[in-house]
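Enquirer: Structure for the following, please:
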Amino acid sequence: ILGDIPFESFTLALTEEETPGGHSPGYFAVLNQPLPNAGAYWSDDPAAFENYPEFFLAHEVAHQWWGQAVGWRNYHEQWLSEGFAQYFAAMYAEHARGSAAQASVLRQMRRTAMEATDQGPVYLGYRLGHIFNDGKVHRALVYNKGGAVLHMLRRFVGDEAFFTGLRRFYADWRYRKAGTEDFRLAMEAASGRSLGRFFDRWIHGATLPAVKWGWRVEQGPGGPELAVHVEQTGDVFDFPLPLTLSYEGRQSATVAIPVTDRVTDVRVPLAGALRGVEFDKDDGPLFEAQRLP
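Expert: Below is the predicted model:
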């Protein structure tokens with residue numbers, strides 16, 4: 001994806017520990033391997049993706065790029081390391097095991113991030129969960145919400161702009177420490193969009209949007225179109241609204257509706273006779289979307 005390997009060699013060391021995890025300085029990674037009789041309970045942790053045993057390895061390898069080649073300027077910017085490594089591990093799940101594996105990872109990221117969102121913004125970094133000494137809050141927000149925000153950003157600006165922006169950010173900040181604003185500027189340059197509110201709401205804020213939506217089929221100049229109506233009843237966020245379109249006699253398709261206003265109306269050309277439209281939670285949106293009557 002990035003077209004570069006930042007260090008000339010890489011060594012993996014395995015250690016016996018109570019719980020899985022790891023650490024990844026430049027040039028090597030230490031991966032924790034729980035023993036079969038380890039007594040620690042782990043499965044309820046936000047970072048425990050039990051159906052994806054390679055997750056920790058993918059996460060720690062990704063740190064060679066995110067966290068090491070591109071460092072984080074201070075504790076507020078930790079998500080540029082952990083959230084990025086988490087999302088690259090999710091992308092590797094899709095590469096190695098298919099879209100269903102990635103959807104499973106995104107579902108868990110979404111659920112745990114939304115459950116913990118009132119504990120503070122991603123920008124608080126490792127201070128999250130500090131008052132109650134609860135590391136799960138830190139992992140739910142810096143790791144999982146950070147990764148889910150990257151996926152929403154990808155859906156919001158599109159694959160071409162997202163990956164172009166990632167490569168630009170990496171090339172500009174290779175072997176230096178970066179901040180959220182540096183990443184925002186790289187993504188704005190690649191997408192041609194203003195992304196200030198996107199990052200303010202999702203990285204610096206701790207609330208979630210209140211979303212209502214509806215749809216109907218209308219005749220357009222080139223044929224039938226899906227008319228999507230979206231309303232925000234609280235603070236206005238920028239986000240992609242992922243919808244699954246079920247067709248008669250053909251494969252379903254997923255579209256991401258970019259939402260930037262209190263009221264958004266978008267028309268999408270249809271590829272056939274439509275059976276129904278559903279809000280796609282498996283795509284990792286960090287909000288609930290209520291159907292309008």
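Enquirer: Please name every helix or strand in contact with whichever strand or helix holds Val268.
Expert: If you go by DSSP states H and E, Val268 is part of strand 263-269. On a contact count with 3 or more CB pairs under 8 Å, 6 or more residues apart in numbering; DSSP states H and E, strand 263-269 meets strand 211-220, strand 223-232, strand 253-259. The C-beta positions use only the backbone N, C-alpha and C, and glycine is treated the same way.
Enquirer: Mind doing that once more with 10 Å?
Expert: strand 211-220, strand 223-232, strand 239-247, strand 253-259 (3 or more CB pairs under 10 Å, 6 or more residues apart in numbering; DSSP states H and E).
Enquirer: Quickly run through the sheet partners of that strand, with directions.
Expert: The pairing partners recorded for strand 263-269 under DSSP bridges are strand 223-232 (antiparallel).
Enquirer: What residues of the partner strand count as buried?
Expert: 225-226, 228, 230-232 (16 or more other CB atoms under 10 Å).
Enquirer: Report the angle between that strand and strand 211-220.
Expert: Angle, strand 223-232 to strand 211-220, by axes from the mean of the first three to the mean of the last three CA atoms, to 10 degrees: 160 degrees.
Enquirer: Could you tell me how far strand 223-232 lies from the centre of the chain?
Expert: 25 Å (CA atoms, centre = their mean, to the nearest Å).
Enquirer: circling back to that earlier point, what strands flank the helix or strand just after the strand holding Val268, and is each parallel or antiparallel?
Expert: Next along the chain after strand 263-269, taking DSSP H and E as the criterion, comes strand 274-279. Sheet pairing for strand 274-279, assigned by DSSP bridges, gives strand 239-247 (antiparallel).
Enquirer: May I have the residues that are in contact with the spatially most central residue of the chain?
Expert: In the chain, the centroid-proximal residue (CA atoms, centre = their mean) is Ala148; its distance is 2.1 Å. Listed by CB atoms under 10 Å, 6 or more residues apart in numbering, the contact set of Ala148 reads 83, 86-87, 90, 105-106, 108-114, 122, 141, 202, 283-286.
Enquirer: need the helices for this structure, in chain order.
Expert: Along the chain, the segments classed as helices by DSSP state H run 55-62, 79-97, 99-116, 135-138, 146-157, 159-173, 180-191, 196-202.
Enquirer: As JSON lines, the ones you listed with distance to Val236 and mean pLDDT would be great.
Expert: Listed next are the helices of the chain as JSON lines, based on distance: least, CB to CB, whole Å; pLDDT from 0 to 100:
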{"stretch": "helix 55-62", "distance to Val236": "33", "mean pLDDT": "95"}
{"stretch": "helix 79-97", "distance to Val236": "23", "mean pLDDT": "97"}
{"stretch": "helix 99-116", "distance to Val236": "19", "mean pLDDT": "95"}
{"stretch": "helix 135-138", "distance to Val236": "27", "mean pLDDT": "93"}
{"stretch": "helix 146-157", "distance to Val236": "14", "mean pLDDT": "98"}
{"stretch": "helix 159-173", "distance to Val236": "22", "mean pLDDT": "98"}
{"stretch": "helix 180-191", "distance to Val236": "18", "mean pLDDT": "98"}
{"stretch": "helix 196-202", "distance to Val236": "8", "mean pLDDT": "98"}
